[in-house]
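Trainee: Any chance you could fold what I've pasted below:
(one chain, ligands or ions: 2)
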Amino acid sequence: MCLLSVIVPCYNEEENVPLFYEALLQNRPFFEEKKISLEILYVDDGSGDRTVEEIRKLRDEDQRVHLIAFSRNFGKESAMFAGLENCNGDYVVMMDVDLQDPPSLLPEMFSYIEKGYDSVATRRVSRKGEPPVRSFFARMFYRLMKKISRTEIMDGARDYRLMTRQMVDAILSMREYNRFTKGIFGWVGFRTKWLEYENVERAKGETKWNFWKLFLYSLDGITAFSTAPLMLASVMGVFFCVVAFAMILFIIVRKLIFGDPVSGWPSLVCIILMTSGVQFFCTGILGQYLAKTYMEVKRRPLYLVKERF
Ligand code: UDP
Ligand code: MG
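Mentor: Ligands and ions are numbered 1, 2, ... in the order given. This is a model prediction of the structure:
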């Protein structure tokens with residue numbers, strides 16, 4: 001007998017909660033055959049709709065359903081962390097409630113755990129049904145991360161992942177406030193098997209992400225798993241020093257040969273604008289890291305619980 005914890009973050013997903021429950025239990029024969037008992041842990045991320053009521057309805061019929069309800073919306077990263085912190089399973093799987101992470105993949109995922117993998121992760125190979133601009137920037141983000149971070153962050157990786165208790169404990173030992181789970185999974189290591197599948201569109205409702213939110217999220221990812229941008233100021237500094245030195249030589253030589261040192265007002269303006277632009281940009285980068293450090297230093301809790309069963 002082993003216990004499988006299913007962690008399901010929900011934010012305004014009243015329609016999807018029962019659908020997800022049904023879809024998960026389609027695997028009933030598999031669970032019975034493998035003697036897997038279930039713990040379904042819904043994490044309500046401060047929904048304003050009837051999500052909690054729907055979960056309570058499920059609980060009345062099935063004692064395996066559990067809930068942690070936050071006092072407000074803390075974000076999916078916090079919801080996943082709360083789930084990991086409060087589950088008891090020997091194995092833990094994280095899934096979206098909107099059925100974009102097909103529960104039908106579970107048996108295959110389990111077969112790899114039996115083969116000795118510590119974790120089975122999923123990535124979508126297509127981004128069908130997604131706006132092309134978003135796909136383009138997502139690709140750029142992953143390509144950039146590959147260059148500037150030593151942590152492996154997979155393109156198209158979903159948070160849908162089956163893990164052993166050992167890996168869950170490793171993740172829980174990372175107590176940082178700015179959580180970028182995709183990076184955390186890579187950082188802790190362990191043997192991971194990647195399964196690929198075609199993108200599935202969400203069952204009901206709307207995605208909680210818009211372009212701007214994704215952009216900010218990507219900045220979180222960069223600051224959390226790379227300090228390369230901080231190097232930019234030094235690199236630019238050295239570059240401008242070299243250019244300035246070359247120009248000084250050029251001007252001295254020109255004065256000695258042609259005798260006219262005073263010209264080039266427009267070029268001066270361009271140079272001043274450009275260097276001050278670069279300076280502001282670099283200060284901005286510093287500010288980003290400082291802001292993250294500030295939030296980290298405060299040590300605020302990652303989430304607050306309003307209700308649980
Ligand atoms: N979610 C959450 N808190 C949030 C936003 C989303 O718990 O602040 C949950 C949401 O209910 C869903 C999952 O995270 O189960 C993925 O969200 P969504 O489908 O909006 O993201 P996408 O699949 O488009 O990346
Ligand atoms: Mg989704």
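Trainee: When you work out contacts or count neighbours from here on, use the C-alpha atoms and nothing else.
Mentor: OK.
Trainee: How many residues are close by the residue nearest to residue 50 when sequence neighbours are not counted?
Mentor: Once flanking residues are discounted, residue 50 sits nearest to residue 14: 5.4 Å by C-alpha to C-alpha, 6 or more residues apart in numbering. Neighbours of residue 14 under the rule other C-alpha atoms under 10 Å: 21.
Trainee: what does residue 84 give?
Mentor: Residues within reach of residue 84, counting by other C-alpha under 10 Å, total 23.
Trainee: same question, the one 4 residues further on
Mentor: Taking other C-alpha under 10 Å as the neighbour definition, residue 88 ends up with a count of 14.
Trainee: which ones are touching it?
Mentor: For residue 88, the contacting residues are 3, 5, by C-alpha atoms under 8 Å, 6 or more residues apart in numbering.
Trainee: switch to 7 Å and redo it
Mentor: Neighbour list for residue 88: residue 5 [criterion: C-alpha atoms under 7 Å, 6 or more residues apart in numbering].
Trainee: How about the secondary structure of it?
Mentor: Counting by DSSP: H, G, I helix; E, B strand; the rest coil, the backbone at residue 88 sits in coil.
Trainee: Please name every helix or strand in contact with the longest helix along the chain.
Mentor: Across the chain, the longest stretch assigned as helix under DSSP state H is helix 265-298. Applying 3 or more C-alpha pairs under 7 Å, 6 or more residues apart in numbering; DSSP states H and E, one finds that helix 265-298 contacts helix 228-258.
Trainee: re the thing from before, report the mean confidence score over the longest helix of the chain.
Mentor: Helix 265-298 carries an average pLDDT of 86.
Trainee: With stretch 114-129 instead?
Mentor: The average pLDDT within stretch 114-129 is 86.
Trainee: Stretch 159-177 too?
Mentor: pLDDT averaged over stretch 159-177 gives 92.
Trainee: Tell me the buried residues in that stretch?
Mentor: 159, 160, 161, 162, 163, 164, 165, 167, 168, 171, 177 (16 or more other C-alpha atoms under 10 Å).
Trainee: For this protein, which residues are neighbours of ligand 1?
Mentor: By the rule C-alpha under 6 Å from any ligand atom, the part of the chain lying against ligand 1 is 9-11, 13, 45, 73, 75-76, 79, 96-98, 207-209.
Trainee: try it again with 5 Å
Mentor: 9, 10, 11, 75, 76, 96, 97, 207, 208 (C-alpha under 5 Å from any ligand atom).
Trainee: what two of these are the furthest from one another?
Mentor: Greatest spacing in these, by C-alpha to C-alpha: 75 and 97 (14.4 Å).
Trainee: Between these two, point out the one with more neighbours.
Mentor: Shown here are residue 75 and residue 97; by other C-alpha under 10 Å, residue 97 has more neighbours (26 against 16).
Trainee: Surely the more buried one and residue 8 touch.
Mentor: Yes - using C-alpha atoms under 7 Å, residue 97 is in contact with residue 8, at 5.9 Å.
Trainee: what does the helix or strand harbouring residue 18 contact?
Mentor: Per DSSP states H and E, residue 18 falls inside helix 16-25. Helix 16-25 is touched from outside by 54, 55, 97, 98, 99, 103, 203, 204, with contacts defined as C-alpha under 7 Å, 6+ apart.
Trainee: What are the buried residues along the next helix or strand after that helix?
Mentor: Counting by DSSP H and E, the next helix or strand C-terminal to helix 16-25 is helix 28-33. For helix 28-33, burial by neighbour count (16+ other C-alpha under 10 Å) applies to residue 31.
Trainee: Look up the pLDDT of residue 196 for me, please.
Mentor: Reported pLDDT for residue 196: 88.
Trainee: Assumed it was part of a helix.
Mentor: No - Residue 196 is assigned strand when assessed by three-state DSSP, not a helix.
Trainee: Now do the same contact list for the residue lying closest to it once chain neighbours are set aside.
Mentor: Counting by C-alpha to C-alpha, 6+ apart, residue 196 lies nearest to residue 123, which is 5.1 Å off, once chain neighbours are set aside. For residue 123, the contact set (C-alpha under 7 Å, 6+ apart) comprises 156, 157, 158, 194, 195, 196, 197.
Trainee: show me what contacts residue 35?
Mentor: 1, 2 are the contacts of residue 35 under C-alpha under 7 Å, 6+ apart.
Trainee: and with 6 Å instead?
Mentor: residue 1 (C-alpha atoms under 6 Å, 6 or more residues apart in numbering).
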